[in-house]
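Novice: just coords:
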């Protein structure tokens with residue numbers, strides 16, 4: 001059970017959100033109404049996808065004050081606390097890609113030598129591309145084809161032809177590129193990486209407990225963020241960490257856990273080192 005604690009919590013979070021969105025449409029529930037692009041909590045607190053807002057502004061659409069406030073709420077929350085947690089605790093496509101990568105491990109597909117390489121920076125270039133296409137076309141470009149929107153609205157209103165894109169992502173992650181969609185391509189993941197670059201809630205590594213089993217690196221969808229393993233005790237510093245807790249779940253050494261990053265302490269340590 002302990003090896004799946006954060007996985008279970010993430011699934012509860014993702015499924016609960018989908019149920020609430022469905023219930024708002026089907027039964028008029030007010031707890032969480034709308035969709036992942038634009039929602040309200042209890043009919044009062046607005047929530048807006050910052051990336052969708054940027055695309056709308058680039059497309060020349062007028063954006064209301066409520067939507068802008070909703071975007072600021074999201075930026076404040078993930079910027080201060082959540083980091084890139086949207087990708088692992090909220091986004092429903094994460095369940096699709098997790099299923100693909102679980103099956104990938106079971107079928108030992110990772111053991112097959114492959115020549116495919118895709119830069120993890122691709123998602124950042126796609127942010128820029130989406131904004132350019134939005135500006136030229138007058139449409140929120142990524143929202144038109146977003147698998148996140150397709151899955152979210154599919155649960156609420158029913159699936160159509162867009163479900164084929166979700167199937168394609170599943171097989172892409174399964175057979176083509178490990179953690180391909182979430183770890184390399186999704187521009188919304190890139191946006192949340194930027195938003196949460198300095199968030200306080202992080203995974204911390206205790207090198208004194210670590211036995212270098214490397215289970216954390218085997219399971220991590222953004223393995224580059226665990227660059228301190230085998231080197232030092234430190235917080236995850238790279239912004240792409242999704243705070244999913246996979247590494248914490250599989251660590252039997254009690255070497256990894258969530259904690260609050262102390263910037264003042266870190267800055268003082270750097271200053272002391274420079275003085276010495």
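Specialist: Good, I have the coordinates. Please read all numbers here as calculations on a predicted model, not as lab measurements. Numbers count the residues shown, from 1 in each chain.

Novice: the helices in the stretch 101-250 of the chain, which residues?
Specialist: Remark: helices assigned in the stretch 101-250 of the chain by DSSP state H, counting those that start in this stretch are 122-137, 141-145, 147-157, 163-171, 180, 187-195, 215-219, 246-250.

Novice: so how far is the last one off the chain centroid?
Specialist: Averaged C-alpha coordinates place helix 246-250 at 16 Å from its chain's average position (Cα atoms, centre = their mean, to the nearest Å).

Novice: run through who's touching it.
Specialist: 2-7, 203, 215-216, 218-221, 226, 256-258 (Cβ atoms under 8 Å, 6 or more residues apart in numbering). Using the backbone N, CA and C atoms, a C-beta is placed for each residue, glycine as well.

Novice: flag every buried residue along the helix or strand just after it.
Specialist: Using DSSP states H and E, the next helix or strand after helix 246-250 towards the C-terminus is strand 256-260. By 16 or more other Cβ atoms under 10 Å, the buried positions in strand 256-260 come out as residue 256.

Novice: with stretch 74-83 instead?
Specialist: 74-75, 77-79, 82-83.

Novice: let me see the domain layout of the protein.
Specialist: Following the assignment in automatic domain parsing, the chain carries domains at 2-194, 201-275.

Novice: circling back: can you list the helices of the stretch 101-250 of the chain in JSON lines and add distance to residue 105?
Specialist: Formatted as JSON lines, the helices of the stretch 101-250 of the chain follow (distance: least, Cβ to Cβ, whole Å):
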{"stretch": "helix 122-137", "distance to residue 105": "23"}
{"stretch": "helix 141-145", "distance to residue 105": "29"}
{"stretch": "helix 147-157", "distance to residue 105": "22"}
{"stretch": "helix 163-171", "distance to residue 105": "15"}
{"stretch": "helix 180", "distance to residue 105": "15"}
{"stretch": "helix 187-195", "distance to residue 105": "21"}
{"stretch": "helix 215-219", "distance to residue 105": "8"}
{"stretch": "helix 246-250", "distance to residue 105": "12"}
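
Novice: tell me the buried residues within the contacts of helix 246-250.
Specialist: Buried, going by 16+ other Cβ under 10 Å: 6-7, 203, 215-216, 219-221, 226, 256, out of those.

Novice: worst mean pLDDT among the domains of the chain?
Specialist: Here the lowest mean pLDDT among the domains of the chain goes to domain 201-275, at a mean of 86.

Novice: ok, residue 131 to residue 260 distance?
Specialist: Going from residue 131 to residue 260 by Cβ to Cβ, to the nearest Å gives 33 Å.

Novice: return the residues in contact with the residue nearest to residue 171 when sequence neighbours are not counted.
Specialist: Of all residues not flanking residue 171 in the chain, residue 100 sits nearest, at 7.4 Å (Cβ to Cβ, 6 or more residues apart in numbering). Counting by Cβ under 8 Å, 6+ apart, residue 100 touches 169-174.

Novice: so the residue most central in space within the chain versus residue 208, what's the distance?
Specialist: In the chain, the centroid-proximal residue (Cα atoms, centre = their mean) is residue 87; its distance is 1.9 Å. Going from residue 87 to residue 208 by Cβ to Cβ gives 30 Å.

Novice: deepest-packed of the helices of the stretch 101-250 of the chain, please.
Specialist: By mean neighbour count, with neighbours taken as mean count of other Cβ atoms under 10 Å, helix 187-195 ranks first of the helices of the stretch 101-250 of the chain at a mean of 25.

Novice: and the angle from it to helix 147-157?
Specialist: Helix 187-195 and helix 147-157 are oriented at 110 degrees to each other (axes from the mean of the first three to the mean of the last three Cα atoms, to 10 degrees).

Novice: what angle do helix 122-137 and helix 187-195 make with each other?
Specialist: Relative orientation of helix 187-195 versus helix 122-137 (the same axes, to 10 degrees): 110 degrees.
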